[in-house]
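# Pasting the sequence and the predicted model now:
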Amino acid sequence: MKIGILQTGHAPDDLRATIGDYPKLFAQLLDGHGFTFETYAVVDGIFPDGPLACDGWLITGSRHGAYEDHDWIPPLEDLIRAIRDTGRPMVGVCFGHQIIAKALGGKVEKFSGGWSVGSTRYSGELGEATLNAWHQDQVTQVPQGARVVASSPFCENAALLYGDQIYTVQAHPEFTAPVVASLLATRAPGVVPPDLIEAATRAVDTPTTAQAEADRMAALFKGTAK
């Protein structure tokens with residue numbers, strides 16, 4: 001099964017040099033499920049021929065906002081709706097979670113409560129989860145037909161399920177402890193408040209439920225999700 005990775009941003013240079021760019025992180029997260037991957041750097045204007053080019057689709061995180069004015073965002077939203085219309089499975093993570101919601105009628109905003117970085121606990125229909133977060137923007141209005149399946153005190157709409165076809169999550173299951181440590185050292189200073197950086201640094205080695213999240217994504221791709 002071929003999964004098309006729609007890359008909406010690039011990792012910082014230091015992270016790319018030591019760990020790799022975002023598509024590599026997702027390939028590692030989903031390793032063992034029998035998938036092959038093809039990356040389309042939509043952030044650089046590189047798009048697939050259409051929604052049937054791959055068997056399933058995954059939209060990555062990004063430093064950009066879903067509400068920002070970039071040439072590649074409108075065609076990405078068109079592609080999201082086209083994928084939805086074909087019935088192909090689709091997963092969105094962080095920015096991917098947000099842009100899918102926006103494309104399908106929801107609303108995304110810069111959250112007035114500030115940033116969430118590092119180890120974060122979630123609960124809801126899917127049970128308890130601990131994942132690494134890295135965001136300020138949030139889905140503030142859920143699209144019609146989607147249901148909230150995970151929340152935290154900071155992020156009400158932390159994961160959304162659209163029938164059995166689309167699953168999106170605000171947190172980053174692909175972010176391991178070394179990834180978060182690198183981001184805290186290179187991207188956070190001057191952007192994220194120092195107290196949040198300190199707290200996330202203390203918790204950087206907290207075990208996550210990323211494997212359960214990967215299994216959930218794989219089951220959706222394969223059409224075996226319960």
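Nice, thanks for sending it over.

# okay, now the nearest residue to residue 225 once chain neighbours are set aside: neighbour count?
Residue nearest to residue 225 in three dimensions, not counting chain neighbours: residue 219, with 4.1 Å by C-beta to C-beta, 6 or more residues apart in numbering. Placement of C-beta: from N, CA and C, glycine included. When neighbours are defined as other C-beta atoms under 10 Å, residue 219 has 16 of them.

# and the nearest residue to residue 126 once chain neighbours are set aside, how many neighbours?
In space, and not counting its chain neighbours, residue 126 is closest to residue 149: 4.9 Å by C-beta to C-beta, 6+ apart. Neighbours of residue 149 under the rule other C-beta under 10 Å: 19.

# Then residue 179?
Neighbours around residue 179, by other C-beta under 10 Å: 21.

# And for residue 144?
Residues near residue 144, counting by other C-beta under 10 Å, number 9.

# any weak-confidence spans in this protein?
Regions of the chain meeting the criterion pLDDT under 70 cover residues 226.

# So which residue is smack in the middle of it?
residue 93 (1.0 Å; C-alpha atoms, centre = their mean).

# what pairs with it across the strands?
Here residue 93 sits in beta bridges with residue 169, going by DSSP bridges.

# so it sits right up against residue 160, yeah?
No: proximity of residue 93 to residue 160 does not meet the contact threshold set by C-beta atoms under 8 Å, at 11.8 Å.

# intersection of neighbour lists for those two?
Common neighbours of residue 93 and residue 160, using C-beta atoms under 8 Å, 6 or more residues apart in numbering, are residue 168.

# just checking, the residue nearest to residue 126 touches residue 124?
Yes: Residue 149 lies in contact with residue 124 (C-beta under 8 Å); the separation is 5.3 Å.

# anything in contact with each of these two?
residue 159.

# quick one, strands of the chain?
For the chain, strands defined by DSSP state E occupy the ranges 2-6, 36-40, 56-59, 90-93, 107-110, 116-122, 129-135, 137-141, 147-150, 159-162, 166-169.

# okay, the ones you listed, which one's buried deepest?
Counting by mean count of other C-beta atoms under 10 Å, strand 90-93 has the highest mean neighbour count of the strands of the chain, with a mean of 27.

# how far is it from where the chain is centred?
How far strand 90-93 lies from its chain's middle: 6 Å, per C-alpha atoms, centre = their mean, to the nearest Å.
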